[in-house]
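Undergrad: This is a predicted model, with the sequence first.
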Amino acid sequence: MSLVNGKRQADWFADEAGTDADGPYAGIVFNRPIDQIFSYRVPARLEEVVRPGQRVRVPLGRGNKPAVGYCVRIDAEAPSGIDPSRVKEVLDVLDDPPLINAAMLELTRWMAGYYACSWGQALDAVVPAGVKNQAGTRVGTFLTVPDEIRKSLETLELPTKQAEALAVLCRSDEPLTIADLCRLAKCASGPITALRQRGYVNTVRRRLPKDAFNASSSAALGDDSDAKPIPALTVEQTAVMAAMTPALEGDEFATFLIHGVTGSGKTEVYLSAIERVMARGREAIVLVPEISLTPQTIRRFRRRFGKIAVLHSHLSDAERHRHWRSIAAGEVQVIVGARSAVFAPARRLGLIVIDEEHESTFKQETTPRYHARDVAVKRAQLERIPILLGSATPALETWRNAELGRYVRLPMMERVGARPMPKVELIDLSHERLPLGGLSEPLRQAMIAALKDDGQVMLLLNRRGFHTFVICPNPRCNQVLKCHACDVALTYHKGRRLLICHTCDAERPRPSACPNCQAPNLHYGGIGTERLEREVEMAFPDSVSRRMDSDTMRTPGSHEQVLAAFRSGEIKILLGTQMIAKGLDFPNVTLVGVVNADTALHMPDFRAAERTFQLVAQVAGRTGRGDRPGRVLVQTFAPDHYAIDCASRHDYEGFVACELPERQRFGMPPFGRLVRLIGRGPDEPQVRTFMNELLETLKAAALPGVTMHGPAPTPISKIRNLYRYHLRLRSESPRPLQTLLQAVAPSIAPPGEVELAIDVDPVNLL
DNA sequence: AGCACGCCGACT
DNA sequence: GTCGGCGTGCTC
């Protein structure tokens, strides 16, 4: 609805009757680290307009500088404890209708408390930038005909051109722009100006999508639903659906963990569940890791549901805005997207699905550092709807929640078509010679065999570049070349003849001698995908191979092109980083090789074993999806490590049985909660001093059950010339940590250029 | 986070 | 004598 003079047209006569005794008050929060709700008087002209969930402009501070805030509530009377003489008035309403509904207001308030930020900051993170700046829309002047003129149209005596223009405008069901009317009435703007001056036409200012200004609007949300037969559910899928039915059909909160091995048909279960809630006129949100948001995935949803909204990071502001509005208007029933799609403004949400629930990309690494899975569970709880978490290798937090009965675990242990899980063979690198670099003799032989059999091969190596480090050969120096701005070893990229920092992307030419001691003949070591590619090309000159990592996939669409070429069989050997391992299934892949399974194992992170297990287990599921059996070869220096051993036997529960006691012994998640306080700044002593003071503040507020570690430099102690220290808080349950943070929050102002970040439930400890 | 107020060093 | 350094405290 449009606003006229800040009022709804329907309420045009309301103010004469209004009693303006005290007037309503609006509770406003700001996108600033101020954890308070400010009260502003709502002036009479805005009384019928201001509603919770809108952005408003209000004067703030001594200079009454206009600031944008979010209205979170309307009070009939002045809230107690504020001086009425100091209350200011709301200036302006920015959104009509409101951007945020009641459920999302509640959700963001919870986020603020849980993730230790202000309500305003949480709200600001939920609304996309394109929506805030109304990208893709513009304000235009539109012409309408007043009713009395319309009625007396015949009796008016007007010059021909004006009469013609007026008639055209009367026949249009929509208000027209001046330009449109000129075109339709085949006249210049003169007659129209005359009509306006005579008061025969009115002008209204409206904000509309840009494409509405030139008549033809394109179908925004793709709709290529070519019906494909819906496969009948397997016995196991049927059983899982049956278990979820009461929740899907009643309005109740329930969290289901669909623990299904790769190839067990989890997606089909998601689709069936979505159909159930759609049939009741409800909407569903599907969250997938950004990397899985491929055309292939999207097509699958689109074929089944027709009109869906896809939210991914490459949308323009205008596209995102359009999708958001379309969702809020109830025009789309299925929303598929990455992390931030958890905030999609669905009106009657009926279901949330999170695929690959364990993926760390669901954690946002900027304030507010929320975990989309945990926010989604909270949202489901607030909206009283079911939520489905799907994974072959659930996060241990999720597993534990299932064990404790908070989530319902629904196992799916059979692969569709009764295909066996591929056999995984471990190659102990401590007993192997690696003549060329990355490929052991058994892996090379297996590749020869697979290719000879007309199968395809995937090789996974989680490191970009040619050499992963450069070191000075002089034993007295022996320094690894590091980035100038970061505490990180530089990687040599042979193709570009550059040393590159993978943390800040800084590049520099390779030096001819050690920058520290001038020794010549620097030693290059470690294997990255670039070097593996070279090795494969040399060993298999007759088979087309392709490298896929973020270096080769720079142009948009290249990802899809390579995958299409691999699918068609044109490419025989696909090698690359994580990005080849995610959610893709290629029936003709008969061999998967993990070049180095240990890359994550020795990280200084309590989740190192879990990450290693997940990586190997996921990759192992990528083969044997067609009719032919698959083989998986995993190269490792630690074949006896339980993470690798269990992954090779597809034994999730075995891994859990080894890992959980370790976690319990150290009180790590899922047996305790962590909060990480990260201080960073350009001056190391200043950061260190601040963090030490912060520790004292925390100790002074001491809470039973909260233990503190540090402060200590973070494992990567410097990034982009900012020194980093962290302090870790641990507790059995989240509550004491929340209380502690809230208690000390007012008294921790970092000095000068130091910044403090609070990471609740950290996933990344670097 | 901004932004104003406030109390101490090197300049016309 | 002043311009300005950024420490401290507030924002309905």
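TA: That came through, no problem. Source: prediction; values computed, not measured. Numbers count the residues shown, from 1 in each chain, chains lettered A, B, ... in the order given.

Undergrad: Quick one: residues contacting residue A:502.
TA: Residues near residue A:502 by CB atoms under 8 Å, 6 or more residues apart in numbering: A:464, A:465, A:488, A:491. All C-beta atoms are positioned from the backbone trio N, CA, C, and that covers glycine.

Undergrad: That one in helix, strand or coil?
TA: When classified by DSSP: H, G, I helix; E, B strand; the rest coil, residue A:502 comes out as coil.

Undergrad: quick one on the thing from earlier: out of the contacts of residue A:502, which sit inside helices?
TA: Applying DSSP state H to the contacts of residue A:502, no entry is found in helices.

Undergrad: Of these - the most surrounded one?
TA: For the contacts of residue A:502, counting by other CB atoms under 10 Å, the largest number of neighbours falls to residue A:465: 25 neighbours.

Undergrad: Double-check that residue A:546 belongs to a strand.
TA: Yes - checked against three-state DSSP, residue A:546 lies within a strand.

Undergrad: gap between the closest residue to DNA strand B within the stretch 51-200 of chain A and residue A:50?
TA: Closest residue of the stretch 51-200 of chain A to DNA strand B, CB to the nearest atom of the strand: residue A:63 (4.1 Å). Computed as CB to CB, to the nearest Å, the residue A:63 to residue A:50 distance reads 23 Å.

Undergrad: cool, and residue A:489?
TA: In this view, residue A:489 and residue A:50 are 56 Å apart by CB to CB.

Undergrad: returning to what we had before: neighbour count for residue A:63 and residue A:50, which is higher?
TA: Relative neighbour count places residue A:50 above the other of residue A:63 and residue A:50, with 23 against 7, counting by other CB under 10 Å.

Undergrad: Correct me if wrong: that one contacts residue A:93.
TA: Yes - with contacts counted by CB atoms under 8 Å, residue A:50 reaches residue A:93, the gap being 5.8 Å.

Undergrad: Could you name every residue contacting both of those two?
TA: Joint contacts of residue A:50 and residue A:93 (CB under 8 Å, 6+ apart) are residue A:56.

Undergrad: related to what we said a few turns ago, nearest to DNA strand C among the contacts of residue A:502?
TA: Checking these against DNA strand C with CB to the nearest atom of the strand, the nearest one is residue A:488 at 29.7 Å.

Undergrad: surely that closest one meets residue A:469?
TA: No - here residue A:488 does not reach residue A:469: they are 10.2 Å apart, not a contact under CB under 8 Å.

Undergrad: Do you know the pLDDT at whichever residue of the stretch 501-650 of chain A sits closest to DNA strand B?
TA: Closest approach between the stretch 501-650 of chain A and DNA strand B, counting by CB to the nearest atom of the strand: residue A:504, at 22.3 Å. pLDDT, residue A:504: 90.

Undergrad: Wait, it touches residue A:716, no?
TA: No - Residue A:504 is beyond contact range of residue A:716, at 10.5 Å (criterion: CB under 8 Å).

Undergrad: Find residues that contact each of those two.
TA: Residues touching both residue A:504 and residue A:716 by CB under 8 Å, 6+ apart: A:486, A:488.

Undergrad: Number of residues surrounding the closest residue to residue A:416 other than its chain neighbours?
TA: Leaving aside its chain neighbours, residue A:416 sits nearest to residue A:265 (4.6 Å; criterion: CB to CB, 6 or more residues apart in numbering). Residue A:265 has 21 neighbours, counted by other CB under 10 Å.

Undergrad: now residue A:640
TA: Residue A:640 has 9 neighbouring residues, counting by other CB under 10 Å.

Undergrad: and it, how far is that from DNA strand C?
TA: The gap separating residue A:640 from DNA strand C is 55 Å, by CB to the nearest atom of the strand, to the nearest Å.

Undergrad: give me phi/psi at that residue?
TA: Residue A:640 adopts backbone torsions of phi -90, psi -10, taken as degrees, to the nearest 10.

Undergrad: can you check residue A:81 too?
TA: The phi/psi pair for residue A:81 (degrees, to the nearest 10) reads phi 90, psi 0.

Undergrad: All good on my end, thank you.
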